[in-house]
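In: I need the structure of the sequence given here:
(one chain, ligands or ions: 1)
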Amino acid sequence: MDQEINYCLQCGNKMKDQFVFGQVRRVCPSCGYIHFRDPKVAAVIFIREDDHVLLVKRSLPPEQGKWALPAGYVNAGEDPAQAAIRETEEETGLKVEIVGLRDVVFNPPRPGYLFLGATIAIIYEARVIGGKLCAQDDVDDVDWFTHDNLPEIAFASTTKAIYHWLAEE
Ligand SMILES: [Zn+2]
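Out: Reported below is the predicted structural model:
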């Protein structure tokens, strides 16, 4: 099993596998702590201007070198809408405001990649309210694309969002 914990986060005792709440989970025989493995969640931004959509070129794995919508992990305790705004500014230099929820997409985990990439992507629609377009953080390039000049796309979530966009125009 990928990255299971071996020692209790509460008391430090050795964990063991036990069937609880519908599946086998790591349970502490000493203090009763149950380790629930949570999905990773990404907040994603879809920005349209005229017939263009904003994409970023990924500089890191997974899907390094391919293009995706601006996105990043939602921190523990963080509003996903705020995470989307924060990540967009970190990656593209643009300040945006959310105008709606576009989709929620499941990215199935791939063998060996369980902890690289989010399994749940929340895709917001946004509009630019300030800033200056500039690739930064974990992206190599950022640009606007039309239907007929799309680059190689990363992730099921961006692929699905682009497919819907193509279908609506
Ligand atoms: Zn314990």
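In: what parts of this protein come near the ion?
Out: Residues of the chain lying near the ion by C-beta under 5 Å from the ion: 8, 10-11, 13, 28, 30-31, 33. Just so you know, the C-beta spots here come from the backbone N, C-alpha and C atoms, and that holds for glycine as well.
In: now tabulate the residues you listed in JSON lines and tack on pLDDT, neighbour count and secondary structure.
Out: As requested, these are exported to JSON lines (pLDDT from 0 to 100; neighbours: other C-beta atoms under 10 Å; DSSP: H, G, I helix; E, B strand; the rest coil):
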{"residue": "Cys8", "pLDDT": "96", "neighbour count": "19", "secondary structure": "coil"}
{"residue": "Gln10", "pLDDT": "96", "neighbour count": "12", "secondary structure": "coil"}
{"residue": "Cys11", "pLDDT": "97", "neighbour count": "11", "secondary structure": "coil"}
{"residue": "Asn13", "pLDDT": "97", "neighbour count": "13", "secondary structure": "coil"}
{"residue": "Cys28", "pLDDT": "97", "neighbour count": "21", "secondary structure": "coil"}
{"residue": "Ser30", "pLDDT": "97", "neighbour count": "13", "secondary structure": "coil"}
{"residue": "Cys31", "pLDDT": "97", "neighbour count": "12", "secondary structure": "coil"}
{"residue": "Tyr33", "pLDDT": "96", "neighbour count": "16", "secondary structure": "coil"}
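In: for this protein, just list every one of the strands.
Out: 16-20, 23-27, 34-35, 41-49, 52-58, 67-68, 71-73, 94-106, 120-131, 139-145 (DSSP state E).
In: out of the ones you listed, deepest packed?
Out: Greatest average neighbour count among these goes to strand 67-68 (a mean of 24), per mean count of other C-beta atoms under 10 Å.
In: for that strand, give me every contacting residue.
Out: 55-58, 145, 151-155, 158 (C-beta atoms under 8 Å, 6 or more residues apart in numbering).
In: make it 6 Å
Out: Here strand 67-68 makes contact (C-beta atoms under 6 Å, 6 or more residues apart in numbering) with 55, 57-58, 151, 153-155, 158.
In: need the worst-confidence member of those residues.
Out: Lowest pLDDT among these: Phe155, with 83.
In: am I right that Ile5 is in contact with His35?
Out: Yes - Ile5 sits in contact with His35 when judged by C-beta atoms under 6 Å, with a separation of 5.5 Å.
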